[in-house]
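Enquirer: Give me the fold of what follows.
(one chain, ligands or ions: 1)
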Amino acid sequence: MNLRDTLCIKGGRLFIGGCDTVELAKKYGTPLYVLDEQYVREVMRAYVEGLSEYGDFAVAYASKALSCIAMYKIVKSEGLWTDVVSGGEFYATQKAGVDPEHIVMHGNNKTPKELTEAVKAGVGHVVLDGFDEIARLDEICGKENKTQKVLLRINPLVEAHTHAAVQTAKPDSKFGVIIGDEATKAVLDIKSRKNLIFDGLHCHIGSQIFDYSAYELAVEAMVKFIASLNNEGVEVNVLNMGGGFGIYYAGEDPKFTPQRYAHTVRNLALLIENAVKKYNVKKPFLIVEPGRSIVGEAGITLYTVGTIKEIKGIRKYVAIDGGMFENPRFALYGSVYTAINASRADKPFTQKVAICGKCCESGDMIGVDIDLQDTEVGDIVAVFSTGAYNYSMASNYNMNAIPPTVMVKDGRADYIIKPQSYEDLLRLNAVPEWIKD
Ligand SMILES: *Cc1c(COP(=O)(O)O)cnc(C)c1O
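Expert: Below is the predicted model of the structure:
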(Lines give C-alpha, C1' and ligand atoms only; values in the text may rest on other atoms or scores of the structure.)
Protein backbone atom coordinates (compact mmCIF):
# COMPACT_ATOMS: atom_id res chain seq x y z
CA MET A 1 0.00 0.00 0.00
CA ASN A 2 1.30 3.39 -1.05
CA LEU A 3 0.69 5.66 1.96
CA ARG A 4 0.61 9.44 2.09
CA ASP A 5 3.56 11.24 3.73
CA THR A 6 1.95 11.83 7.11
CA LEU A 7 0.85 8.20 7.38
CA CYS A 8 3.36 5.45 8.02
CA ILE A 9 3.74 1.94 9.39
CA LYS A 10 5.94 1.35 12.44
CA GLY A 11 6.23 -1.85 14.44
CA GLY A 12 3.44 -3.34 12.35
CA ARG A 13 0.99 -0.55 13.23
CA LEU A 14 -0.45 2.33 11.28
CA PHE A 15 0.62 5.83 12.39
CA ILE A 16 -1.02 9.13 11.48
CA GLY A 17 0.42 12.53 12.37
CA GLY A 18 3.05 10.75 14.48
CA CYS A 19 0.40 8.89 16.54
CA ASP A 20 -0.03 5.12 16.82
CA THR A 21 -3.58 4.42 15.63
CA VAL A 22 -3.96 1.36 17.87
CA GLU A 23 -3.07 3.52 20.89
CA LEU A 24 -5.51 6.21 19.70
CA ALA A 25 -8.24 3.57 19.48
CA LYS A 26 -7.41 2.40 22.99
CA LYS A 27 -7.38 5.89 24.48
CA TYR A 28 -10.39 7.43 22.69
CA GLY A 29 -12.42 4.33 21.82
CA THR A 30 -13.85 3.38 18.44
CA PRO A 31 -15.32 4.34 16.07
CA LEU A 32 -12.99 7.33 15.97
CA TYR A 33 -12.48 9.95 13.29
CA VAL A 34 -8.85 11.12 13.16
CA LEU A 35 -7.82 14.27 11.30
CA ASP A 36 -4.24 15.09 10.37
CA GLU A 37 -3.69 18.81 10.89
CA GLN A 38 -0.49 18.97 8.89
CA TYR A 39 -2.10 17.62 5.73
CA VAL A 40 -5.05 20.00 6.07
CA ARG A 41 -2.70 22.96 6.32
CA GLU A 42 -0.47 21.72 3.50
CA VAL A 43 -3.37 21.52 1.08
CA MET A 44 -4.68 24.94 2.12
CA ARG A 45 -1.23 26.45 1.56
CA ALA A 46 -0.93 24.68 -1.79
CA TYR A 47 -4.15 26.27 -3.05
CA VAL A 48 -2.97 29.71 -1.95
CA GLU A 49 0.45 29.12 -3.49
CA GLY A 50 -1.10 27.91 -6.73
CA LEU A 51 -3.04 31.14 -7.18
CA SER A 52 -0.34 33.48 -5.89
CA GLU A 53 0.58 34.73 -9.36
CA TYR A 54 -2.97 35.33 -10.54
CA GLY A 55 -3.60 38.66 -8.85
CA ASP A 56 -6.56 39.14 -6.52
CA PHE A 57 -8.05 35.91 -5.31
CA ALA A 58 -9.47 34.05 -2.32
CA VAL A 59 -9.51 30.37 -1.46
CA ALA A 60 -12.78 29.73 0.35
CA TYR A 61 -12.94 26.45 2.29
CA ALA A 62 -16.27 24.79 1.49
CA SER A 63 -16.98 23.95 5.09
CA LYS A 64 -19.85 21.56 4.51
CA ALA A 65 -17.10 18.95 3.98
CA LEU A 66 -16.21 19.20 7.68
CA SER A 67 -17.67 21.93 9.78
CA CYS A 68 -16.47 22.51 13.35
CA ILE A 69 -14.94 25.33 15.38
CA ALA A 70 -11.37 24.00 15.16
CA MET A 71 -11.57 23.80 11.35
CA TYR A 72 -12.84 27.38 11.11
CA LYS A 73 -9.94 28.52 13.30
CA ILE A 74 -7.45 26.75 11.04
CA VAL A 75 -9.09 28.26 7.96
CA LYS A 76 -8.77 31.70 9.52
CA SER A 77 -5.15 31.18 10.56
CA GLU A 78 -4.22 30.15 7.00
CA GLY A 79 -5.83 33.28 5.57
CA LEU A 80 -8.57 31.41 3.72
CA TRP A 81 -12.17 32.47 3.34
CA THR A 82 -15.09 30.23 4.27
CA ASP A 83 -18.13 28.96 2.39
CA VAL A 84 -21.24 28.21 4.38
CA VAL A 85 -24.51 26.67 3.24
CA SER A 86 -26.73 27.09 6.28
CA GLY A 87 -27.49 29.25 9.27
CA GLY A 88 -25.85 26.62 11.46
CA GLU A 89 -22.56 26.75 9.57
CA PHE A 90 -22.68 30.54 9.58
CA TYR A 91 -23.27 30.57 13.34
CA ALA A 92 -20.29 28.25 13.85
CA THR A 93 -17.99 30.57 11.85
CA GLN A 94 -19.05 33.48 14.01
CA LYS A 95 -18.42 31.50 17.20
CA ALA A 96 -14.96 30.67 15.81
CA GLY A 97 -14.22 34.35 15.23
CA VAL A 98 -14.22 34.33 11.42
CA ASP A 99 -14.51 37.77 9.80
CA PRO A 100 -18.01 37.81 8.24
CA GLU A 101 -16.63 39.78 5.29
CA HIS A 102 -14.66 36.61 4.37
CA ILE A 103 -17.72 34.40 4.23
CA VAL A 104 -19.58 33.33 1.12
CA MET A 105 -23.11 32.11 1.77
CA HIS A 106 -24.50 29.44 -0.54
CA GLY A 107 -27.65 27.40 -0.79
CA ASN A 108 -30.41 26.87 -3.33
CA ASN A 109 -33.14 27.69 -0.81
CA LYS A 110 -31.77 29.74 2.04
CA THR A 111 -34.53 30.50 4.52
CA PRO A 112 -35.57 34.07 5.39
CA LYS A 113 -34.13 33.43 8.86
CA GLU A 114 -30.75 32.37 7.44
CA LEU A 115 -30.62 35.33 5.07
CA THR A 116 -31.57 37.78 7.81
CA GLU A 117 -28.90 36.47 10.17
CA ALA A 118 -26.22 36.66 7.48
CA VAL A 119 -27.18 40.15 6.33
CA LYS A 120 -27.34 41.47 9.90
CA ALA A 121 -23.90 40.06 10.71
CA GLY A 122 -22.37 41.61 7.58
CA VAL A 123 -21.68 38.49 5.50
CA GLY A 124 -19.28 39.25 2.62
CA HIS A 125 -21.23 37.69 -0.24
CA VAL A 126 -24.57 35.99 -0.58
CA VAL A 127 -24.69 33.76 -3.65
CA LEU A 128 -28.18 34.16 -5.06
CA ASP A 129 -29.62 31.05 -6.63
CA GLY A 130 -32.77 32.21 -8.43
CA PHE A 131 -35.42 34.87 -9.00
CA ASP A 132 -37.43 34.20 -5.83
CA GLU A 133 -34.32 34.67 -3.75
CA ILE A 134 -33.36 37.93 -5.47
CA ALA A 135 -36.67 39.44 -4.42
CA ARG A 136 -36.50 37.88 -0.95
CA LEU A 137 -33.00 39.12 -0.15
CA ASP A 138 -33.74 42.61 -1.45
CA GLU A 139 -36.77 42.78 0.82
CA ILE A 140 -34.84 41.49 3.84
CA CYS A 141 -32.05 44.02 3.24
CA GLY A 142 -34.67 46.76 3.03
CA LYS A 143 -36.11 45.73 6.37
CA GLU A 144 -32.67 45.55 7.98
CA ASN A 145 -31.59 48.80 6.36
CA LYS A 146 -28.53 47.14 4.79
CA THR A 147 -27.08 46.77 1.33
CA GLN A 148 -25.62 43.39 0.46
CA LYS A 149 -22.96 42.30 -2.04
CA VAL A 150 -24.17 39.32 -4.02
CA LEU A 151 -22.98 36.84 -6.61
CA LEU A 152 -25.34 34.99 -8.91
CA ARG A 153 -25.02 31.22 -9.20
CA ILE A 154 -24.89 30.26 -12.84
CA ASN A 155 -25.53 26.81 -14.24
CA PRO A 156 -22.94 26.81 -17.05
CA LEU A 157 -24.38 23.58 -18.53
CA VAL A 158 -21.12 21.69 -18.24
CA GLU A 159 -21.32 17.98 -17.48
CA ALA A 160 -18.57 16.88 -15.14
CA HIS A 161 -17.75 13.17 -15.26
CA THR A 162 -18.56 12.20 -11.72
CA HIS A 163 -21.34 10.54 -9.73
CA ALA A 164 -24.81 11.78 -10.76
CA ALA A 165 -25.70 12.78 -7.20
CA VAL A 166 -22.75 15.18 -7.03
CA GLN A 167 -23.10 16.61 -10.56
CA THR A 168 -24.51 20.07 -10.31
CA ALA A 169 -24.42 21.61 -13.78
CA LYS A 170 -26.61 19.38 -15.90
CA PRO A 171 -29.57 21.14 -17.53
CA ASP A 172 -31.77 19.27 -15.05
CA SER A 173 -30.38 20.71 -11.81
CA LYS A 174 -31.86 22.46 -8.81
CA PHE A 175 -28.85 24.77 -8.63
CA GLY A 176 -28.41 28.20 -10.16
CA VAL A 177 -29.81 30.00 -13.16
CA ILE A 178 -29.13 28.67 -16.64
CA ILE A 179 -26.42 30.55 -18.50
CA GLY A 180 -27.59 32.84 -21.30
CA ASP A 181 -30.87 34.76 -21.41
CA GLU A 182 -32.19 33.49 -18.07
CA ALA A 183 -28.99 34.44 -16.26
CA THR A 184 -28.84 37.83 -17.97
CA LYS A 185 -32.40 38.49 -16.86
CA ALA A 186 -31.46 37.56 -13.28
CA VAL A 187 -28.39 39.83 -13.31
CA LEU A 188 -30.48 42.74 -14.59
CA ASP A 189 -33.07 41.99 -11.91
CA ILE A 190 -30.35 42.16 -9.23
CA LYS A 191 -29.02 45.42 -10.74
CA SER A 192 -32.50 46.94 -10.50
CA ARG A 193 -32.76 46.22 -6.75
CA LYS A 194 -32.12 49.06 -4.39
CA ASN A 195 -30.50 47.02 -1.62
CA LEU A 196 -28.40 44.54 -3.62
CA ILE A 197 -24.92 45.14 -5.03
CA PHE A 198 -24.18 42.85 -7.95
CA ASP A 199 -20.54 41.83 -7.53
CA GLY A 200 -20.11 38.86 -9.84
CA LEU A 201 -20.82 35.27 -10.81
CA HIS A 202 -20.46 31.84 -9.31
CA CYS A 203 -20.50 28.32 -10.70
CA HIS A 204 -19.76 24.93 -9.17
CA ILE A 205 -19.85 22.08 -11.64
CA GLY A 206 -19.78 19.13 -9.26
CA SER A 207 -17.61 17.20 -6.85
CA GLN A 208 -14.89 14.52 -6.97
CA ILE A 209 -13.85 15.74 -10.43
CA PHE A 210 -10.64 14.62 -12.12
CA ASP A 211 -11.67 15.52 -15.64
CA TYR A 212 -10.21 19.00 -15.99
CA SER A 213 -11.69 19.52 -19.42
CA ALA A 214 -14.91 20.19 -17.49
CA TYR A 215 -13.25 23.18 -15.79
CA GLU A 216 -11.94 24.36 -19.17
CA LEU A 217 -15.47 24.33 -20.58
CA ALA A 218 -16.82 26.07 -17.49
CA VAL A 219 -14.20 28.84 -17.63
CA GLU A 220 -14.85 29.40 -21.33
CA ALA A 221 -18.61 29.58 -20.76
CA MET A 222 -18.38 31.87 -17.73
CA VAL A 223 -15.91 34.37 -19.22
CA LYS A 224 -17.86 34.49 -22.46
CA PHE A 225 -20.95 35.23 -20.39
CA ILE A 226 -19.08 38.00 -18.53
CA ALA A 227 -18.30 39.57 -21.94
CA SER A 228 -21.98 39.44 -22.87
CA LEU A 229 -22.90 41.13 -19.57
CA ASN A 230 -20.29 43.83 -20.26
CA ASN A 231 -22.12 44.46 -23.54
CA GLU A 232 -25.27 45.07 -21.52
CA GLY A 233 -23.33 47.61 -19.48
CA VAL A 234 -22.87 45.32 -16.46
CA GLU A 235 -19.47 45.13 -14.72
CA VAL A 236 -18.41 41.80 -13.20
CA ASN A 237 -15.85 42.04 -10.38
CA VAL A 238 -15.81 38.52 -9.00
CA LEU A 239 -15.66 35.11 -10.67
CA ASN A 240 -16.16 32.22 -8.26
CA MET A 241 -15.38 28.88 -9.93
CA GLY A 242 -16.51 26.64 -7.05
CA GLY A 243 -14.71 23.52 -5.84
CA GLY A 244 -14.94 19.87 -6.74
CA PHE A 245 -11.28 18.82 -6.96
CA GLY A 246 -11.09 15.05 -6.56
CA ILE A 247 -9.24 12.96 -3.96
CA TYR A 248 -7.96 9.40 -3.79
CA TYR A 249 -10.42 6.90 -2.40
CA ALA A 250 -9.52 3.64 -4.12
CA GLY A 251 -8.49 1.83 -7.28
CA GLU A 252 -7.96 4.01 -10.31
CA ASP A 253 -8.45 7.39 -8.59
CA PRO A 254 -5.38 9.54 -9.26
CA LYS A 255 -3.19 10.14 -6.22
CA PHE A 256 -2.92 13.87 -5.63
CA THR A 257 -0.33 15.63 -3.51
CA PRO A 258 -0.69 19.20 -2.20
CA GLN A 259 1.68 20.24 -5.01
CA ARG A 260 -0.70 18.77 -7.53
CA TYR A 261 -3.62 20.77 -6.16
CA ALA A 262 -1.43 23.87 -6.46
CA HIS A 263 -0.76 22.91 -10.07
CA THR A 264 -4.45 22.31 -10.70
CA VAL A 265 -5.56 25.76 -9.57
CA ARG A 266 -2.58 27.39 -11.27
CA ASN A 267 -3.88 25.86 -14.51
CA LEU A 268 -7.39 27.03 -13.71
CA ALA A 269 -6.06 30.57 -13.17
CA LEU A 270 -4.18 30.38 -16.50
CA LEU A 271 -7.35 29.28 -18.26
CA ILE A 272 -9.11 32.32 -16.85
CA GLU A 273 -6.27 34.67 -17.82
CA ASN A 274 -6.38 33.34 -21.39
CA ALA A 275 -10.16 33.58 -21.63
CA VAL A 276 -10.09 37.09 -20.20
CA LYS A 277 -7.70 38.13 -22.98
CA LYS A 278 -9.69 36.31 -25.63
CA TYR A 279 -12.97 38.00 -24.67
CA ASN A 280 -11.34 41.29 -23.70
CA VAL A 281 -12.91 41.54 -20.24
CA LYS A 282 -11.52 42.86 -16.95
CA LYS A 283 -9.60 40.21 -14.99
CA PRO A 284 -11.98 39.23 -12.18
CA PHE A 285 -11.24 38.66 -8.50
CA LEU A 286 -11.02 34.86 -8.47
CA ILE A 287 -12.54 32.63 -5.81
CA VAL A 288 -12.10 28.86 -5.64
CA GLU A 289 -13.98 26.75 -3.11
CA PRO A 290 -12.29 23.43 -2.34
CA GLY A 291 -13.90 21.33 0.39
CA ARG A 292 -13.30 17.61 -0.02
CA SER A 293 -9.68 17.98 -1.14
CA ILE A 294 -8.72 19.97 1.99
CA VAL A 295 -10.00 17.52 4.60
CA GLY A 296 -10.81 14.28 2.75
CA GLU A 297 -7.46 12.54 2.70
CA ALA A 298 -6.46 14.18 5.99
CA GLY A 299 -9.03 12.02 7.74
CA ILE A 300 -9.19 8.34 8.60
CA THR A 301 -11.70 6.39 10.68
CA LEU A 302 -10.66 3.75 13.19
CA TYR A 303 -12.93 0.84 14.01
CA THR A 304 -12.81 -2.30 16.11
CA VAL A 305 -13.73 -5.52 14.36
CA GLY A 306 -16.61 -7.15 16.23
CA THR A 307 -17.77 -10.12 14.19
CA ILE A 308 -16.60 -11.88 11.06
CA LYS A 309 -18.91 -14.04 8.94
CA GLU A 310 -17.86 -16.02 5.93
CA ILE A 311 -20.69 -16.98 3.59
CA LYS A 312 -19.07 -19.76 1.59
CA GLY A 313 -18.75 -18.94 -2.09
CA ILE A 314 -20.36 -15.55 -1.63
CA ARG A 315 -18.39 -13.18 0.56
CA LYS A 316 -16.85 -12.50 3.92
CA TYR A 317 -18.42 -9.85 6.13
CA VAL A 318 -16.17 -8.03 8.54
CA ALA A 319 -18.46 -6.09 10.89
CA ILE A 320 -17.08 -2.98 12.53
CA ASP A 321 -18.52 -0.84 15.31
CA GLY A 322 -19.45 2.02 12.95
CA GLY A 323 -21.53 2.11 9.79
CA MET A 324 -23.90 4.30 7.84
CA PHE A 325 -24.61 6.52 10.85
CA GLU A 326 -21.04 7.83 10.77
CA ASN A 327 -20.23 7.19 7.08
CA PRO A 328 -23.31 7.17 4.85
CA ARG A 329 -21.38 7.57 1.60
CA PHE A 330 -21.64 3.95 0.45
CA ALA A 331 -25.38 3.97 1.11
CA LEU A 332 -25.76 7.33 -0.67
CA TYR A 333 -23.40 7.01 -3.63
CA GLY A 334 -22.00 3.47 -3.61
CA SER A 335 -18.67 5.05 -2.69
CA VAL A 336 -15.50 2.97 -2.60
CA TYR A 337 -12.83 3.05 0.08
CA THR A 338 -9.40 1.69 0.90
CA ALA A 339 -8.73 0.17 4.32
CA ILE A 340 -5.95 -1.42 6.31
CA ASN A 341 -5.74 -3.59 9.38
CA ALA A 342 -4.04 -1.00 11.59
CA SER A 343 -3.04 -3.66 14.14
CA ARG A 344 -1.25 -5.73 11.46
CA ALA A 345 -0.42 -2.99 9.03
CA ASP A 346 2.79 -4.58 7.73
CA LYS A 347 1.11 -7.87 6.77
CA PRO A 348 0.25 -8.65 3.15
CA PHE A 349 -3.25 -8.08 1.82
CA THR A 350 -4.73 -11.54 1.49
CA GLN A 351 -8.47 -11.16 0.97
CA LYS A 352 -11.35 -9.10 -0.33
CA VAL A 353 -14.02 -8.48 2.26
CA ALA A 354 -17.23 -6.56 2.77
CA ILE A 355 -16.76 -4.14 5.65
CA CYS A 356 -20.21 -3.70 7.12
CA GLY A 357 -21.59 -1.60 9.93
CA LYS A 358 -23.84 -2.28 12.91
CA CYS A 359 -27.03 -0.58 11.67
CA CYS A 360 -30.24 -2.43 10.87
CA GLU A 361 -29.96 -2.06 7.09
CA SER A 362 -28.39 -4.39 4.53
CA GLY A 363 -26.98 -1.39 2.69
CA ASP A 364 -25.07 -0.40 5.82
CA MET A 365 -21.61 -0.89 4.35
CA ILE A 366 -18.31 0.91 4.19
CA GLY A 367 -17.52 -1.09 1.07
CA VAL A 368 -18.17 -4.48 -0.50
CA ASP A 369 -14.85 -5.46 -2.08
CA ILE A 370 -12.16 -4.02 0.14
CA ASP A 371 -8.66 -5.52 0.19
CA LEU A 372 -7.61 -6.45 3.69
CA GLN A 373 -5.01 -8.46 5.58
CA ASP A 374 -5.86 -11.52 7.65
CA THR A 375 -8.11 -10.03 10.30
CA GLU A 376 -9.41 -11.22 13.64
CA VAL A 377 -12.08 -10.03 16.03
CA GLY A 378 -10.62 -7.22 18.15
CA ASP A 379 -8.30 -5.85 15.43
CA ILE A 380 -8.35 -2.15 14.67
CA VAL A 381 -9.26 -1.39 11.06
CA ALA A 382 -8.55 2.02 9.54
CA VAL A 383 -10.54 3.32 6.57
CA PHE A 384 -8.82 6.05 4.57
CA SER A 385 -10.05 9.32 3.05
CA THR A 386 -12.92 9.81 5.48
CA GLY A 387 -12.19 13.42 6.45
CA ALA A 388 -14.80 14.93 4.15
CA TYR A 389 -18.55 14.28 4.12
CA ASN A 390 -18.39 11.68 6.90
CA TYR A 391 -18.74 13.51 10.23
CA SER A 392 -20.63 16.28 8.42
CA MET A 393 -23.16 13.74 7.09
CA ALA A 394 -23.35 11.61 10.23
CA SER A 395 -26.63 10.95 12.01
CA ASN A 396 -27.86 9.27 15.13
CA TYR A 397 -29.60 6.51 13.15
CA ASN A 398 -30.47 3.58 15.42
CA MET A 399 -29.57 5.95 18.30
CA ASN A 400 -25.92 5.37 17.68
CA ALA A 401 -23.71 8.12 19.07
CA ILE A 402 -21.82 10.13 16.45
CA PRO A 403 -18.15 9.32 17.03
CA PRO A 404 -15.73 11.97 18.25
CA THR A 405 -12.96 13.44 16.10
CA VAL A 406 -9.40 13.84 17.30
CA MET A 407 -6.88 16.08 15.62
CA VAL A 408 -3.33 14.73 15.42
CA LYS A 409 -0.10 16.60 14.86
CA ASP A 410 3.55 15.73 15.57
CA GLY A 411 2.64 12.85 17.87
CA ARG A 412 0.02 14.84 19.80
CA ALA A 413 -3.71 14.15 19.76
CA ASP A 414 -6.72 16.02 21.11
CA TYR A 415 -10.44 16.29 20.51
CA ILE A 416 -11.88 18.71 18.01
CA ILE A 417 -15.29 17.08 18.39
CA LYS A 418 -16.07 15.33 21.66
CA PRO A 419 -17.97 12.05 21.97
CA GLN A 420 -21.74 12.02 22.34
CA SER A 421 -23.17 10.36 25.43
CA TYR A 422 -26.50 8.55 25.79
CA GLU A 423 -27.75 11.66 27.62
CA ASP A 424 -26.81 13.75 24.58
CA LEU A 425 -28.99 11.49 22.46
CA LEU A 426 -31.98 12.26 24.68
CA ARG A 427 -31.18 15.90 25.44
CA LEU A 428 -33.84 17.28 23.08
CA ASN A 429 -36.49 14.67 23.80
CA ALA A 430 -39.71 15.98 25.23
CA VAL A 431 -42.90 14.31 26.45
CA PRO A 432 -46.23 16.11 25.94
CA GLU A 433 -48.08 16.40 29.21
CA TRP A 434 -51.02 14.27 27.95
CA ILE A 435 -48.72 11.28 27.57
CA LYS A 436 -48.70 9.63 30.96
CA ASP A 437 -46.33 7.02 32.32
C1 LIG B 1 -19.93 21.45 -2.12
C2 LIG B 1 -19.54 22.73 -2.70
C3 LIG B 1 -18.17 23.04 -2.84
C4 LIG B 1 -17.07 22.09 -2.49
O5 LIG B 1 -17.02 20.95 -3.25
P6 LIG B 1 -15.88 19.87 -3.00
O7 LIG B 1 -16.15 18.82 -3.99
O8 LIG B 1 -16.01 19.40 -1.61
O9 LIG B 1 -14.57 20.56 -3.24
C10 LIG B 1 -17.85 24.28 -3.33
N11 LIG B 1 -18.82 25.18 -3.68
C12 LIG B 1 -20.12 24.90 -3.55
C13 LIG B 1 -21.12 25.91 -3.93
C14 LIG B 1 -20.52 23.67 -3.07
O15 LIG B 1 -21.83 23.40 -2.97
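Enquirer: List of residues touching stretch 406-423?
Expert: 16-19, 24, 27-29, 32-38, 68-71, 391, 396, 401-405 (CB atoms under 8 Å, 6 or more residues apart in numbering). (C-beta placed from N, C-alpha, C; glycine too.)
Enquirer: Which ones among those residues map onto helices?
Expert: L24, K27, Y28, E37, Q38, I69, A70, M71 (DSSP state H).
Enquirer: Which of the residues you listed has the largest number of neighbours?
Expert: M71 (28 neighbours; other CB atoms under 10 Å).
Enquirer: Can you tell me how far the closest residue to it other than its chain neighbours is from P403?
Expert: Closest residue to M71 apart from its sequence neighbours, by CB to CB, 6 or more residues apart in numbering: S63 at 6.7 Å. Separation of S63 from P403 (CB to CB, to the nearest Å): 19 Å.
Enquirer: Equivalent analysis for I179, please.
Expert: On the measure of CB to CB, I179 and P403 end up 42 Å apart.
Enquirer: Who has more neighbours out of those two?
Expert: P403 (26 against 22).
Enquirer: so which residue of the stretch 251-400 of the chain comes closest to the ligand?
Expert: The ligand sits closest to G291 of the stretch 251-400 of the chain, with a gap of 2.8 Å, by CB to the nearest ligand atom.
Enquirer: Surely that residue is in contact with A65?
Expert: Yes: G291 is in contact with A65 according to CB atoms under 8 Å; the separation is 3.5 Å.
Enquirer: what's the overlap in contacts for the two?
Expert: Joint contacts of G291 and A65 (CB under 8 Å, 6+ apart) are A388.
Enquirer: Distance check, the residue lying closest to T375 once chain neighbours are set aside against M1.
Expert: Nearest non-adjacent residue to T375, counting by CB to CB, 6+ apart: N341, 5.1 Å away. Here N341 is placed at a distance of 11 Å from M1 (CB to CB).
Enquirer: And L425, by the same measure?
Expert: 36 Å.
Enquirer: and the residue of the stretch 251-400 of the chain closest to the ligand, what does it touch?
Expert: Neighbours of G291 in contact, by CB under 8 Å, 6+ apart: Y61, A62, S63, K64, A65, L66, D83, S207, G243, A388.
Enquirer: Could you restrict the residues you listed to the ones contacting the ligand?
Expert: A62, K64, A65, D83, S207, G243 (CB under 6 Å from any ligand atom).
Enquirer: Around the ligand, pick out the residues from the stretch 101-250 of the chain.
Expert: H106, H204, S207, G242, G243, G244, F245.
Enquirer: In a helix, the fifth one, correct?
Expert: Translated: G243. No: counting by DSSP: H, G, I helix; E, B strand; the rest coil, G243 is located in no helix; its state is coil.
Enquirer: packing partners for the longest strand seen in the chain?
Expert: For the chain, the longest strand by residue count, based on DSSP state E, is strand 299-311. Counting by 3 or more CB pairs under 8 Å, 6 or more residues apart in numbering; DSSP states H and E, the packing neighbours recorded for strand 299-311 are helix 21-28, strand 32-36, strand 315-320, strand 380-384.
Enquirer: For L137, which residues are in contact?
Expert: L115, V119, V126, L128, Q148, V150, N195, L196 are the contacts of L137 under CB under 8 Å, 6+ apart.
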